[in-house]
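In: Predicted model and sequence follow; I will ask about them next.
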Amino acid sequence: MDFRAVERKWQNRWAEAKVFEANINKKKKKFFITIPFPYMNGSPHVGHTFTFSRGDVYARFKRMQGYNVLFPQAFHATGEPILGTIERLQQNDQTQIETFKLFGATDEDLENFVKNGPEFVAKYWMQKWIENFKMMGFSIDWRRSFVTAITPAYNKFIAWQYNTLRKKHYVVQGTHPVVWCPHDQSPTGDHDRLVGEGESPIEFVILKFRLENGDVIPCATLRPETIYGVTNIWIDPDITYFKAKVNGEIWYISKDAVEKLKDQLRKIEVVDRISGEKLIGEYVENPATKVKVPILPAYFVDPKTGTGIVMSVPAHAPYDWIGLRELQLHPERATKYNVPEGVVKNLHPISIIDVDGFGENPAVDISEKMKIESEGDIDKLDKATNELYKKEFHTGLLKSIFGKYAGQKVSDVKEKIVKDFERNGFAETMWELTGPVICRCNTPNHVKILENQWFLKFSDNKWKSLVKKNLSQMKLYPEESRIQFENTIDWLEDKACTRKTGLGTPLPWDPEWKIETLSDSTIYMAFYIIAHFLNSGKISAKQLTDEIFDLVFLNRGTVASVSKKSGINKKTLQEMRKEFTYFYPVDLRNSAKELIPNHLTFMLFHHTAIWPQKFWPKAFSVNGFVQVSGEKMAKSKGNIIPLRKLVEDYGADMVRMNIVSSNEDMNDAGWKSSNIESFTSRLDFVEYMINNIGKASRSNSSTTDIYLKSRLQTIIDLATKNYEELKFRSAITHSFYKLLNDLKWYIDRSEGVDNCNSKILKKVLSCFIKLNAPILPHIAEEFWEMLGEKEFVALAKWPESNKKLINKNVELSEQLLEKTLQDVRQIQKITGVKPIEVLIFVAPKWKFELYKHIIKNKSVAMEAMIKYSMEKIKSVDKQQLVKFIQTISKKLNELPKEFVDRKTQLKIFTEAKRFLEQQLKTKVVIEEAEKSTEEKAKQADVLKPAILLRQ
């Protein structure tokens, strides 16, 4: 089959018939499914296929279940991503140029990007995305598409959203720490970052150690309580430090610290510069203990972190212990800066916290345990630091040096200790990032305390309560994601919602600010409802006002008054309102798991703020990331594959099948091209069967007919259940692999297609096509047409099982026969034996009776079971009975209650003797184990006959 030709054929037919355009249909239940819109800074690649294919599979599944499915798709241009790519092109950034060329952009396109600006770029890539999605056969209602930031009507909608939030006091102005881009002079949201999504401000404590002249050597730390265990100060001798007046005091800090502290509301004047080596050997006073400690050299000090100066607590910090040990082993590293050898030699860890599982000096213990040899063992040092910090914070008990806090947990009194330090004048705070952040403009970011910035008040407990209520009523796929949502809601604080640069909607009451990229993408699902009215030209952006959005989305005001004021006719306004009340709320939002801590949770906050409960989201589905051949995607590895290339190489349905079947729940998916052949070979078999149904001549019923009809019902139920839960890998296991295996077994048992029942064949093939149509939509349509069907399979009714046709006894019998045949072949393969005769031994009667009794009486002790067997089964050797009971008891919980009884086993093997001989191409003998003299016969089991290959 020419997959690409078939795909183009059906894509054209779907478009001509407008199959996926969803309109109000009161006779049908609606189902509204959405997927977060992608950024228009490139074209789709293999990493995008998982989330979007899953969404389309589910949309098609629900459509076949009889729902009126609305599945729209829009595109995102807000923020820095597009401007960042243009800026990198202007800088002749080869990585950016190669990336765009990988996605099909020409040199002329790149020139036009720079020449024509962000709107041109956004529309260019939007068109590429639409082309790619159509190639994939996604069942999207394209009438409702739009791109953010550069669509005037959308900007009006976002302005209405923020006016509404402000009226409810959910948008407030204040002073807060934000992730800040010094180049753009704006806060940097998660999706405006090249590096560092999810990183956020974290509060450090600056502790002021003083030189003899009173100048401050400030040390920033996350563990201020450990000041009581300081033995020395670390400074990098090769760094140039700045002598600066900070709020009236002289501080020594790194260049990076100067810039950060300026952005954190401190008055800073640089007075002088000084080499780090000039400070080595000086002494400072510990403000908590009044003990003087030396400044020593260390090259692990990072000038970009904190103040660029670190206090050393070797008893409780692995980095400090290893640094001190290295210096003591190599005293020349200190003496070259005129530090007397005895100064370093006489330093010893000072223990201040008791920790279960560790000795006097926990950092020493964990370093020895993890075999940390030097300062170069960074991974081990980081792991040891994290492990010890958590242990000491949560379970560590403070020693007597802490005075009134002695004997208490660090976690219980840390904040109180810091307050004491602040009152005593030697502690203040600064903000750092939890990890590196690089803006889309390629600039490293830091934390800035922003005054008069606009924030979403996510810290509001009443608002959080509404969100938790919404979440408690939602279905989550998988359910295990719920804890992540709950944690996010709990820790979420006020979030900056505007920035000064980039694309976006101006804040309506303060237009020098623009609403940032994660803040204008929380309720746009509602905009889908009215987008086709705007795209068709029925309404212009100029006509849109807050009153119109209030009417359509909140049912406020009257149609007559709004129509008169806006110039939009009453019928159009009524139609928009009806569409909203029909299609809303969102029934399922499908997304990657990385959006749980931001977009998905923000969506709940905004919906609960704006709408009553009946319009809150109903369900979220989250999935993992995508790897290629077991590796994380990276341009350096050459494994970022454009979606267009995948479709051109393999066909859309093979791409869909390969990616969707690779994993489920929140586990990461994997693209493996080697899987494609296994799909195509099976589809070749289906095509062959469809073309040869006419050869099936048998009309009477047989046991194998009963078996296949029974298996079909089970598979329909299991596939449907897994589809419902978005477990598509499991669904495919049943609907594709197992159903085809059962069909092949049926044909073999019938001794060829000619001897099959044509009605049953057509029924099974029809169900196979429908069960796999959501995943293989183009091939399914082609097969459907080959079966003689006239309507689209995309609109066909989803299969429903008939419980009356399920026959477990026949299923078990056929499965036993199939498993026995597989076992014989496996033995042949392992031994290399070409037998002249195959003997199959059915277990003796007493084993069946005893197995049945054990299964019914699982709770009975083994001794009692042995006693029972002795009384009931006197003809069998005692040792043999005991061995059988012991074997069964070991795997008691794994054993099935349902099994094929002895009489049926003998019957099915005897009746299938000819079949087995045809399959094995040798003589087959069926024997009752107790009547055989062969030693092998004793191994015959209730669930597994014994097999002997006779040469």
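Out: Cool, the structure landed. Numbering: from 1, shown residues only.

In: Quick check: Leu895 touching Ile888?
Out: Yes. Using Cβ atoms under 8 Å, Leu895 makes contact with Ile888 at a distance of 6.9 Å. For glycine as for every other residue, the C-beta is placed from the backbone atoms N, C-alpha and C.

In: So if I had to pick from these two, which one is more boxed in?
Out: Ranked by neighbour count (other Cβ atoms under 10 Å), Leu895 and Ile888 place Ile888 first, with 19 against 15.

In: What pairs with the least confident helix or strand in the chain by mean pLDDT, parallel or antiparallel?
Out: The helix or strand of the chain with the lowest confidence, counting by mean pLDDT, DSSP states H and E, is strand 631-632 at a mean of 75. Strand pairing for strand 631-632, using DSSP bridges, gives strand 626-628 (antiparallel).

In: who's in contact with the partner strand?
Out: 46-47, 49-50, 633, 637, 639-641, 659, 668-671 (Cβ atoms under 8 Å, 6 or more residues apart in numbering).

In: now, which of those residues sits nearest Leu839?
Out: Gly670 (44.3 Å; Cβ to Cβ).

In: Now the element after the helix or strand where that closest one lies, going C-ward?
Out: Taking DSSP states H and E as the definition, Gly670 sits inside strand 669-671. Of the helices and strands lying after strand 669-671 in sequence (DSSP H and E), the nearest is helix 676-691.

In: any idea how far the nearest residue to Asp754 once chain neighbours are set aside is from Ser758?
Out: Nearest non-adjacent residue to Asp754, counting by Cβ to Cβ, 6 or more residues apart in numbering: Lys695, 5.3 Å away. Using Cβ to Cβ, to the nearest Å, we find Lys695 at a distance of 8 Å from Ser758.

In: do Glu282 as well
Out: Distance from Glu282 to Ser758, counting by Cβ to Cβ: 96 Å.

In: Looks to me like Glu428 is in a strand.
Out: Yes. Under DSSP: H, G, I helix; E, B strand; the rest coil, Glu428 sits within a strand.

In: shouldn't it be in contact with Lys419?
Out: No. Using Cβ under 8 Å, Glu428 makes no contact with Lys419, being 11.8 Å away.

In: which one of the two has more residues nearby?
Out: Glu428 (18 against 11).

In: Isn't Glu87 up against Cys441?
Out: Yes. Contact status for Glu87 versus Cys441: in contact at 5.7 Å, counting by Cβ under 8 Å.

In: Tell me which of those two has more neighbours.
Out: Cys441 (21 against 17).

In: From what I see, Gly694 and Ser758 are in contact.
Out: Yes. With contact defined as Cβ under 8 Å, Gly694 reaches Ser758; the gap is 7.4 Å.

In: Name the next helix or strand downstream of the helix or strand that Leu812 is a member of, please.
Out: Using DSSP H and E, the element containing Leu812 is helix 808-831. Per DSSP H and E, the first helix or strand lying C-terminal to helix 808-831 is strand 837-842.

In: what do Leu895 and Ile888 both touch?
Out: Tyr851.

In: what pLDDT does Asn23 get?
Out: Here the pLDDT value assigned to Asn23 is 98.

In: Just say helix, strand or coil for it.
Out: Under three-state DSSP, Asn23 comes out as coil.

In: The chain should start at 588 in everything you say after this.
Out: Taking 588 as the first residue, the last one we looked at is Asn610.

In: What sits closest to Ile1102 if chain neighbours are left out?
Out: Thr1092 is the one closest to Ile1102 (Cβ to Cβ, 6+ apart), at 4.8 Å.

In: correct me, but that neighbour touches Asn742?
Out: Yes. At 4.2 Å, Thr1092 counts as touching Asn742 under the criterion of Cβ under 8 Å.

In: So for these two, which residue has more residues nearby?
Out: Thr1092 (26 against 22).

In: give me phi/psi at the more buried one?
Out: phi -80, psi 130 (degrees, to the nearest 10).

In: now Asp1252
Out: Dihedral angles for Asp1252 - degrees, to the nearest 10 - are phi 60, psi -140.

In: Next, count neighbours for it.
Out: Using other Cβ under 10 Å as the criterion, the residues surrounding Asp1252 number 19.

In: In contact with the closest residue to it other than its chain neighbours, which residues are there?
Out: Leaving out its chain neighbours, the residue that sits closest to Asp1252 by Cβ to Cβ, 6+ apart is Pro1065, at 4.3 Å. The contact partners of Pro1065, by Cβ under 8 Å, 6+ apart, come to 1209, 1252-1253, 1312.

In: repeat that with 10 Å
Out: Neighbouring residues of Pro1065 by Cβ atoms under 10 Å, 6 or more residues apart in numbering: 1180, 1208-1210, 1251-1254, 1312-1314.

In: what's the closest non-adjacent residue to Thr1030?
Out: His770 (3.9 Å).
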